[in-house]
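Trainee: Here's my sequence, what's the structure:
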Amino acid sequence: MAPRFSAFLLCAAVVAVYAALPQTARAETLLNAVEDALNQHPSVQAALAGRDIAKAQRREAASPYYPELNVNAATGRVYADNSTSRGLTVDRGAGYSWSAEGGITMRQMLFDGMETGNRVDAAKAMLDSANMNVIDVRENLGLRVVLAYLEVLRTREAVTLLREHGKKIADYRTRIESMVEQGAADESMAVQAHDIQNQLDGTIADVEGQQKKAMAEYAEAVGRPIAEPLERPVIDPAAITADENQAVARARAEHPALHVANLRGVAAYEGIRAEKGTLYPDLSGELSMYKKDIDDLIGGEVIDNRALIRMNWDFSMGGAQLARIKQSVHREAEAQAQAQDLAGKIEREIRKSYAELDAAKKRLDVSRDRVTVSSNLVRTYEVQFEAAKVTLLNLLQAENTNFNAKLGVLNADYRHLAAQYSVLANTGTLQKTLNIAAVDMANNTAAPATAPQ
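Mentor: Presented below is the predicted three-dimensional model:
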């Protein structure tokens, strides 16, 4: 057998053995889901486009700092009847000629009442605001993904528990119906067991509906269906500020949405100063060259070169400039009021999220205690059933109560976890906690969401 053919068979065998081994699917972690959403969701792309618009507007605002160049040219046939033509002709006093002319002018703004400088500052503030808006949009989207992810996890676990419990209920029903047929139990026991089964089926239907909604929310936010399997996220308790008032104070200083509103107020203030600059005269330097060539019959050759300082002072007698200044003043007042309103709303949401976190923690503790009590009750009823002190229906009811308590713990546990992430999002620290790269403010770009290796 040729050596090359032997090597080929060896490689094929290795590949076949590898393919036969069970492959572990890549887990769909919460971080993976949030990263995918932040990198491709249309709301983030729209925010990035808005940032790019603001960047171009800043460049446009700074353009008056640079010279303005104008080049023009014209050629064609002309007819003239003027003093030159009348002086050079004796028949009609007019004449025809080919004409060619061209000019080049360069102007440089020297002074415009600081209008350009203030408009540049306003555009820069809007660019910074647009950058912060990208962060805020990503923060809100991240929370949507987190809540959908947790809801899918919760409903999946709940459905699994419900179906397992359904098997136990079915077994109890079979035993009770057998006892009724043998005359060892009353018909009402079978009816009550059937009612417990119906309640369980209704709960399963509700939870499955919740699961479908959560999966739809997840698919829209992330941009694709759920990849399997999911992993329950673990949150570091130290990431959540224990002092609610401290969290509010930090959010007022660092929350991206507040930065967006405050920077718009700065832009509005600079807009006032820019509009006031229109009340001053504009000074510009001008260099120009002009040349025109036609027959002497019409006027001959013209050369006009100039170096000027030009002043232009426009003032609207109808009050347009003053009206624009007042508009800018009102815009600043509006921006400040909106920032204050937003600060109040953010504080309200933070305090609500802390209240929900506290309530969820207490609910979880109560639910766990209820499981302990109901588990003890089941064990007691099992002993009493063996001693014929309670009926099989009593035991079924105790088992059902214990299961409902366990389901309550599951729901309370995920409610508590969701409340923790809500606190992080409302304080504007969700992306930071997940170690996701935010907007690169230095380069005015939004870096891809990446987790540390």
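
Trainee: where exactly do the helices run in the chain?
Mentor: Secondary structure of the chain (DSSP state H): helices located at 3-20, 30-40, 42-62, 83-88, 115-181, 187-222, 244-254, 256-277, 320-386, 392-426, 430-433.

Trainee: closest to Asp236 out of these?
Mentor: helix 430-433 (7.5 Å; CB to CB). In short, each C-beta sits where N, CA and C put it, glycine included.

Trainee: What is that closest one packed up against?
Mentor: helix 115-181, helix 392-426 (3 or more CB pairs under 8 Å, 6 or more residues apart in numbering; DSSP states H and E).

Trainee: sorry, back to before: distance to Asp314 and mean neighbour count for the helices of the chain - can I get that in JSON lines?
Mentor: Below are the helices of the chain laid out as JSON lines (distance: least, CB to CB, whole Å; neighbours: other CB atoms under 10 Å):
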{"stretch": "helix 3-20", "distance to Asp314": "79", "mean neighbour count": "9"}
{"stretch": "helix 30-40", "distance to Asp314": "48", "mean neighbour count": "20"}
{"stretch": "helix 42-62", "distance to Asp314": "19", "mean neighbour count": "16"}
{"stretch": "helix 83-88", "distance to Asp314": "35", "mean neighbour count": "14"}
{"stretch": "helix 115-181", "distance to Asp314": "12", "mean neighbour count": "20"}
{"stretch": "helix 187-222", "distance to Asp314": "52", "mean neighbour count": "16"}
{"stretch": "helix 244-254", "distance to Asp314": "43", "mean neighbour count": "15"}
{"stretch": "helix 256-277", "distance to Asp314": "12", "mean neighbour count": "21"}
{"stretch": "helix 320-386", "distance to Asp314": "8", "mean neighbour count": "15"}
{"stretch": "helix 392-426", "distance to Asp314": "50", "mean neighbour count": "20"}
{"stretch": "helix 430-433", "distance to Asp314": "48", "mean neighbour count": "20"}
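
Trainee: Pipe those helices into JSON lines and attach distance to Arg306 and mean pLDDT per row.
Mentor: Formatted as JSON lines, these follow (distance: least, CB to CB, whole Å; pLDDT from 0 to 100):
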{"stretch": "helix 3-20", "distance to Arg306": "82", "mean pLDDT": "45"}
{"stretch": "helix 30-40", "distance to Arg306": "56", "mean pLDDT": "91"}
{"stretch": "helix 42-62", "distance to Arg306": "27", "mean pLDDT": "95"}
{"stretch": "helix 83-88", "distance to Arg306": "23", "mean pLDDT": "59"}
{"stretch": "helix 115-181", "distance to Arg306": "24", "mean pLDDT": "94"}
{"stretch": "helix 187-222", "distance to Arg306": "63", "mean pLDDT": "94"}
{"stretch": "helix 244-254", "distance to Arg306": "56", "mean pLDDT": "93"}
{"stretch": "helix 256-277", "distance to Arg306": "27", "mean pLDDT": "94"}
{"stretch": "helix 320-386", "distance to Arg306": "30", "mean pLDDT": "95"}
{"stretch": "helix 392-426", "distance to Arg306": "63", "mean pLDDT": "95"}
{"stretch": "helix 430-433", "distance to Arg306": "58", "mean pLDDT": "90"}
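
Trainee: any chance of those in a markdown table, plus distance to Met289?
Mentor: Output for the helices of the chain, formatted as a markdown table (distance: least, CB to CB, whole Å):
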| stretch | distance to Met289 |
| --- | --- |
| helix 3-20 | 77 |
| helix 30-40 | 54 |
| helix 42-62 | 27 |
| helix 83-88 | 23 |
| helix 115-181 | 27 |
| helix 187-222 | 62 |
| helix 244-254 | 57 |
| helix 256-277 | 31 |
| helix 320-386 | 34 |
| helix 392-426 | 63 |
| helix 430-433 | 57 |
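
Trainee: would you list the helices and strands packed on helix 430-433 in JSON lines and tack on distance to Gln327?
Mentor: Shown next, in JSON lines, are those (distance: least, CB to CB, whole Å):
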{"stretch": "helix 115-181", "distance to Gln327": "14"}
{"stretch": "helix 392-426", "distance to Gln327": "34"}
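
Trainee: right, and those helices - which one's nearest Gln340?
Mentor: helix 115-181 (16.3 Å).

Trainee: Centre of the chain to that closest one, how far?
Mentor: Here helix 115-181 is found 15 Å from its chain centre; the criterion is CA atoms, centre = their mean, to the nearest Å.

Trainee: what is the orientation angle of it with helix 30-40?
Mentor: Helix 115-181 and helix 30-40 are oriented at 140 degrees to each other (axes from the mean of the first three to the mean of the last three CA atoms, to 10 degrees).

Trainee: got a list of what Met106 touches?
Mentor: Met106 sits next to 67-70, 286-288 when contact means CB atoms under 8 Å, 6 or more residues apart in numbering.

Trainee: What of Tyr381?
Mentor: By CB under 8 Å, 6+ apart, the neighbours of Tyr381 are 390, 394-395, 398.

Trainee: what's the closest of those to Ser188?
Mentor: Taking those together and measuring to Ser188 by CB to CB, the closest member is Asn394, at 12.8 Å.

Trainee: Hmm, Phe385 and that closest one touching each other?
Mentor: Yes - shown here, Asn394 and Phe385 form a contact pair, counting by CB atoms under 8 Å, at 7.4 Å.

Trainee: Excluding chain neighbours, give the residue nearest to Arg163 in space.
Mentor: With sequence-adjacent residues excluded and distances taken as CB to CB, 6 or more residues apart in numbering, Arg163 is closest to Ile204, at 7.0 Å.

Trainee: Then Asn411?
Mentor: Distances taken as CB to CB, 6+ apart put Arg154 closest to Asn411, at 6.7 Å, once the chain neighbours are dropped.

Trainee: Just give me how far the longest strand seen in the chain sits from the chain centre.
Mentor: The longest strand of the chain (DSSP state E) is strand 95-111. Here strand 95-111 is found 52 Å from its chain centre; the criterion is CA atoms, centre = their mean.

Trainee: Could you do stretch 39-55 as well?
Mentor: Counting by CA atoms, centre = their mean, stretch 39-55 comes out at 9 Å from the chain centroid.

Trainee: Stretch 419-431 now?
Mentor: With CA atoms, centre = their mean, you get 14 Å for stretch 419-431.

Trainee: Equivalent analysis for stretch 354-366, please.
Mentor: 28 Å.

Trainee: Surely the residue nearest to Arg163 touches Val159?
Mentor: Yes - counting by CB under 8 Å, Ile204 touches Val159, with 6.7 Å between them.

Trainee: right, and Arg264 touches Ala125 too?
Mentor: Yes - counting by CB under 8 Å, Arg264 does reach Ala125; the two are 7.4 Å apart.
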